[in-house]
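> take this sequence and fold it.
(one chain, ligands or ions: 2)
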Amino acid sequence: MDIEQQPVSAIRGVGPRVAAKLERLGLRTVQDVLFHLPFRYQDRTRLTPIGSLQAGSEAMFCGKIELADVVYRGRRNLLCRVADGSGSILLRFFHFTSAQHDSLRRGAQLRCFGEVRSGPAGLEIVHPEYELLPDGSLPQPESRLTPVYPVTEGVHQLSLRRIIAEALDTRLQSIREWLPDETLAMLQLPTLKEAVDYVHRPPPQAAVGLLMQGLHPAQQRLAFEELLAHCLSLRKLRERIRRHDAPLIDADGKLFEALLARLPFQLTAAQNRVIAEITNDLRCAQPMQRLVQGDVGSGKTLVAAAAALHAVEGGWQVAIMAPTELLAEQHWRNLREWLAPMEIEVAWLAGRHGARTRRSMAELVASGQAPVVVGTHALFQRDIEFRRLGLVVVDEQHRFGVHQRLMLREKGAMDGRLPHQLIMTATPIPRTLAQSVYADLDVSVIDELPAGRHPVETVVVPDSRRDAVVRRVHSACLEHRQAYWVCPLIDESDALQLQTATATETALRQALPELRIRLVHGRMKPAEKEQVMDEFKSGATDLLVATTVIEVGVDVPNASLMIIENAERLGLSQLHQLRGRVGRGTVASSCVLMYRAPLSAAARERLAAMRSTNDGFEIARKDLEMRGPGEVLGTRQAGEQQFHIADLVRDQSALPQVEQVATLLLERYPQHVMPIVQRWLGVRDSYAAV
Ligand code: ADP
Ligand code: MG
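Ligands and ions are numbered 1, 2, ... in the order given. Predicted coordinates for the structure are as follows:
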């Protein structure tokens, strides 16, 4: 039997009980075991002199116990001071048996491994792995790097290492190569079998530095194939969608022209280009699958409106989906205002609507009386029937993963016909990366901001200078500018002791009695929230104190000052989104990032990046570099799969070749495609399998 089908229980030493545990790691077949790759290594090949140990790194060292003592610090601690002539370090045990206590005596020789940290009295290690050395024996480091595998409850490193070693000994030769010879020749990387063996059991002479960074050719060989598998899976998905029909929507753009004629500004060249790309797609009888990337404030809403009006003019309905109620409502208001003169009804489906309202809204949608309907994802969860759905617009999609995209698409299907789908995102990522993360989509970029925008001037200040910041708000509001004061969390009791929005509002009211100050936060009733936002929009409020509910999409052009508290706690993309709420009008805007000292190195770097650029592409690049794509693109929250060995940022330079090889396989070796996808994505790849 092929290792692709052979169950894990075919490996010696794996019985039904172990097999069930391996299943929890997603390991069902022998091939799954062979491709369960280490995500990092421990370096026990060198002994470090204790005097050279550094906090934050893992190391192995030897020494003699100089002092062993049990102390009480709230609970019992066993502390051993170990020295080797170059320096000393403390071993700390919170749990220990009396046998352990006895053996860790003064004068005993130890070999230890663990993560060094700085404790109250210098460097220490909590619960190191250790080994007592017989008197007079010389400590031996290990000859190879130690692989560290993803594990789960009930499956330990050691048993996993043993099972994998057994599989390597007996089944390595059964691994099948699916890459064509021409590709292998081009890549100039080790063969698959060599690579698999190497990463599990790096030989003694292996280049430790390269392996630790994931840059060894064996790792690159595997990462290449993994990226290829993801790319193929998305391309298959794309193909599958292409096989469906979609409404061919033709229109000559009269409605949108009428809207433009009433706006006080011209479209940017980038908006025009992207609108043309979209309307071209809508004129095809295949489902559009287009992603529009554009920085905060680049005018994506208007592009969405252009697409919507094209569909409406062609006689189709449009559903517009936003990630939050606040944003859905804002879209509804904008669109209603824009479309009312053309007598186009815009329905709004909110979670808060009572049964009556909801029924009448649903009625408007079902009868086709409302050509446009706005809402959150509740749009598709409720029992809403569309009369003639032709286009789905998803705003700020970075919160949705591939699976959600797919589900949405299928919910809108009608008589086997799929609606067109347009996705808007304010998390722009570099082109090559976009092509592989969004290989199932066409990508358009709005790479230009409306004319006359001034970059937001950004300053970073410690919260010890709060008084000066309050004075700044005061003078801005006296000049009839409006301001946001953003507080990341709301609960007074929150353990992180963040400044709370309510407490801040009270304090600001006291400090600035002549200003009109209101508070908006996520736990308010929607009607209340709406009223507060309305007042701010109309200019009846000077200062809006808010939690991060205002992060996405809120648009009040007259607001030109933003204060963000505890800015050190927020991620780069989130800070950029927040800052994007100002700088929308014609006056110069500024943003004050307040932090509480001391700053971590990462926080310092984030704040410096915010100060140095306003460019969303630049910010996204930095964010990717610092946090990795799973976090930045929200695929982690969306429960999307992570990579075993590839790293989209580190391995970016391979992406053009990955694309090229994917095309080659799909065209010339179609029977190799599914085996590669299944090897890397396995049973989790529900979308490619269908
Ligand atoms: P985002 O891309 O962040 O969703 P919006 O669509 O909310 O941006 O647009 C931001 C602001 O810019 C809105 O007030 C919008 O009316 C305005 N706007 C859009 N396009 C233009 C343009 N071409 N010229 C001037 N202002 C524009
Ligand atoms: Mg927007």
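
> C-alpha from now on. contacts and neighbour counts both.
Will do.

> test my guess that Thr613 contacts Ile619.
Yes - under the criterion of C-alpha atoms under 8 Å, Thr613 makes contact with Ile619 at 7.4 Å.

> so between those two, which is more surrounded?
Ile619 (23 against 16; other C-alpha atoms under 10 Å).

> let me see the mean pLDDT of the helix or strand harbouring the more buried one.
Counting by DSSP states H and E, the element that carries Ile619 is helix 616-627. Helix 616-627 carries an average pLDDT of 84.

> in that helix, what's buried?
By neighbour count on 16 or more other C-alpha atoms under 10 Å, the buried set for helix 616-627 is 616-624, 626.

> which strands and helices sit next to it?
Judged by 3 or more C-alpha pairs under 8 Å, 6 or more residues apart in numbering; DSSP states H and E, helix 616-627 is in contact with helix 572-579, helix 601-612, helix 629-632.

> which outside residues touch that helix?
By C-alpha atoms under 8 Å, 6 or more residues apart in numbering, the residues outside helix 616-627 that reach it are 295-296, 427-430, 571-573, 576, 609-610, 613, 632, 649.

> which among those residues end up buried?
For the contacts of helix 616-627, a burial check counting by 16+ other C-alpha under 10 Å picks out 295-296, 427-429, 571-573, 576, 609-610, 613, 632.

> between these, which sits nearest Leu666?
In terms of C-alpha to C-alpha, no member of these lies closer to Leu666 than Ile429, at 26.0 Å.

> wait, a helix at that closest one?
No - going by DSSP: H, G, I helix; E, B strand; the rest coil, the assignment for Ile429 is coil, not a helix.

> list the contacts of it.
Contact analysis of Ile429 by C-alpha under 8 Å, 6+ apart lists 617, 620-621.

> and the residues you listed as CSV, adding distance to Leu25?
Below are the contacts of Ile429 laid out as CSV (distance: C-alpha to C-alpha, whole Å):
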residue, distance to Leu25
Phe617, 36
Ala620, 32
Arg621, 32
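
> how far away from the center of its chain is stretch 452-460?
26 Å (C-alpha atoms, centre = their mean, to the nearest Å).

> need the residues of the chain near ligand 1, please.
Proximity of the chain to ligand 1 is confined to 265-268, 294, 296-302, 450, 553, 555, 557, 584 under the rule C-alpha under 6 Å from any ligand atom.

> just the buried members of those residues?
268, 294, 296-302, 450, 553, 555, 584.

> just flag the most distant two among these.
It's Thr268 and Gly553 that sit farthest apart of these, by C-alpha to C-alpha, at 19.2 Å.

> if we can go back for a sec, where's the dip in pLDDT among the contacts of helix 616-627?
Across the set of the contacts of helix 616-627, Val632 stands lowest in pLDDT, at 64.

> and the helix or strand hosting Ala218, what's buried?
In the assignment (DSSP H and E), Ala218 maps to helix 217-242. Within helix 217-242, the residues scored as buried using 16+ other C-alpha under 10 Å are 217-238, 241-242.

> go on, stretch 505-522?
505, 508-509, 512, 515, 517-521.

> can you tell me which of the residues you listed are in helices?
505, 508-509 (DSSP state H).

> counting by contacts, list what the longest strand anywhere in the chain packs against.
Secondary structure of the chain per DSSP state E: the longest strand is strand 58-73. Contacts defined by 3+ C-alpha pairs under 8 Å, 6+ apart place strand 58-73 against strand 75-83, strand 109-115.
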